[in-house]
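Visitor: need a 3D model of the sequence below.
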Amino acid sequence: MNGAAACMRRAIELAKTAWGRTAPNPMVGCVLVKNGRIIGEGYHHRAGEFHAEVEALRSCKCDPVGAAAFVTLEPCSSTGHQGPCTEALIAAGISRVTVGSLDPNPAHAGRGLEILRQAGIQVSTGVCREACEELNYPFFKWITRHRPYVVLKMAMTLDGRIATSSGDSKWITGEEARGDVQHLRKLAGAILIGSETARIDRPQLTVRDVPDWPCQPKRFIAGHAELPGFTSIDLADEASWNSFLAELASEECLMLLIEGGGELAGRALQAHVVDEAVFYVAPKLLTGRGSRPVTGGKDPEKLTDALDLDEFRTKYFGGDLRISGYIKGGWADVYRHR
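Guide: Numbers count the residues shown, from 1 in each chain. Below you'll find the model as predicted:
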């Protein structure tokens with residue numbers, strides 16, 4: 001394989017194979033290259049199992065002595081369920097390690113790189129850094145701030161409506177967009193909806209595109225409504241939001257996915273707890289003063305009170321357009337520009 005970037009992109013692909021299965025650990029991929037060809041590949045399958053570097057070494061087609069390792073995240077240097085990956089790389093005779101992103105975990109935080117250098121291994125960092133970091137934003141926030149990463153997902157018409165005045169909302173977007181939401185749910189440790197959404201839609205909010213998905217998210221209702229499998233909570237102000245998020249983090253929830261409705265979306269944004277917004281826009285015009293808007297909450301007084309997005313991205317799913325970005329001033333925005 002030619003080039004460090006190409007090797008790292010392959011390692012990223014491997015890491016994503018375990019999408020939604022590794023919590024509370026990060027997703028990590030590793031590629032081993034010797035004499036210009038890949039001799040081993042691996043990724044972290046789930047918490048408690050072998051790390052990516054060890055998986056790659058176990059898969060080697062030949063002696064790894066003198067090989068180069070490309071790893072999406074800094075190799076760990078402490079003992080948990082598994083031994084330190086730094087020791088495994090040193091023992092295997094790896095000559096060079098290229099790391100995509102540093103590990104913000106205080107137990108590691110650059111220590112692994114220094115251990116490798118002291119062992120005579122050439123170390124370089126920053127290859128495909130942004131892509132490697134984005135892969136693990138939920139883990140990074142959880143390990144450094146002791147809070148879950150918060151994603152607000154909404155589906156709306158082109159004129160900003162999520163339902164008719166009676167609450168009818170099925171379906172605004174098509175199957176392809178709803179399939180992408182399934183992919184997003186797999187990463188969520190918890191999902192939150194408003195009480196009106198619970199009463200009218202009675203959603204399941206489960207991962208259904210993979211039979212017997214082992215990591216179904218916990219499900220919560222903001223307000224008072226009864227729905228089997230859901231827990232009702234009160235979110236009246238920023239203090240209650242922070243208490244809820246702290247509790248989720250203590251239960252090893254790395255990501256909270258907020259799926260509406262509009263009043264809850266508005267309150268979450270105005271409480272400044274949202275890190276990333278993901279909106280699906282359908283090519284429909286619902287119209288009507290009573291049709292429900294995509295966000296509610298208190299009325300802002302000035303246009304300057306609007307929340308801006310950073311790293312604005314678009315992608316089509318069938319006829320629907322997904323628009324996403326990081327909330328400026330939020331954790332992800334600050335982390336990206338640190």
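Visitor: mind jotting down where the helices sit in the stretch 1-150 of the chain?
Guide: For the stretch 1-150 of the chain, the helices defined by DSSP state H, counting those that start in this stretch occupy 4-16, 52-58, 85-91, 111-118, 129-134, 137-145.
Visitor: for Leu235, what are its contacts?
Guide: Leu235 sits next to Ala222, Gly223, Trp241, Phe244, Leu264, Arg267, Ala271 when contact means CB atoms under 8 Å, 6 or more residues apart in numbering. The way it works is simple: take the backbone N, C-alpha and C, and place the C-beta from them, glycine included.
Visitor: would you mind finding the most buried of the helices of the stretch 1-150 of the chain?
Guide: helix 52-58 (a mean of 24; mean count of other CB atoms under 10 Å).
Visitor: list the contacts of that one.
Guide: Identification of contacts with helix 52-58 by CB under 8 Å, 6+ apart yields 11, 14-15, 28-32, 40-45, 50, 64, 69, 71-72, 75, 82, 85, 88-89, 92.
Visitor: ditto for stretch 208-228
Guide: 20-21, 23, 179, 182, 185-186, 188-196, 198-199, 202, 205-207, 229-235, 244, 248, 251, 253, 257, 264, 267.
Visitor: and those, which of them are buried?
Guide: Neighbour-count burial (16 or more other CB atoms under 10 Å) is assigned, among those, to 20-21, 23, 185-186, 188-196, 198, 205, 207, 230, 233, 235, 244, 248, 253, 257, 264, 267.
Visitor: for the stretch 1-150 of the chain, which spans come out with low pLDDT?
Guide: 1-2, 79-80 (pLDDT under 70).
Visitor: let's see it at 80
Guide: 1-2, 78-82, 107-109 (pLDDT under 80).
Visitor: next, give phi and psi for Val278.
Guide: phi -130, psi 110 (degrees, to the nearest 10).
Visitor: for Arg37, see how far away it is.
Guide: 39 Å (CB to CB, to the nearest Å).
Visitor: more neighbours: which of these two?
Guide: Neighbour count, other CB atoms under 10 Å: between Val278 and Arg37, Val278 has more, with 19 against 10.
Visitor: distance check, that one against Met156.
Guide: For Val278, the distance to Met156 - CB to CB - is 12 Å.
Visitor: intersection of neighbour lists for these two?
Guide: By CB under 8 Å, 6+ apart, Val278 and Met156 have no common neighbours.
Visitor: now stretch 114-123, how far from the chain's geometric center?
Guide: 31 Å (CA atoms, centre = their mean, to the nearest Å).
Visitor: neighbouring contacts of the strand or helix carrying Tyr326?
Guide: Using DSSP states H and E, Tyr326 falls within strand 320-327. Outside strand 320-327, the residues that touch it by CB under 8 Å, 6+ apart are 155, 173-174, 176-177, 180, 269, 274-283, 307-316, 332-333, 336.
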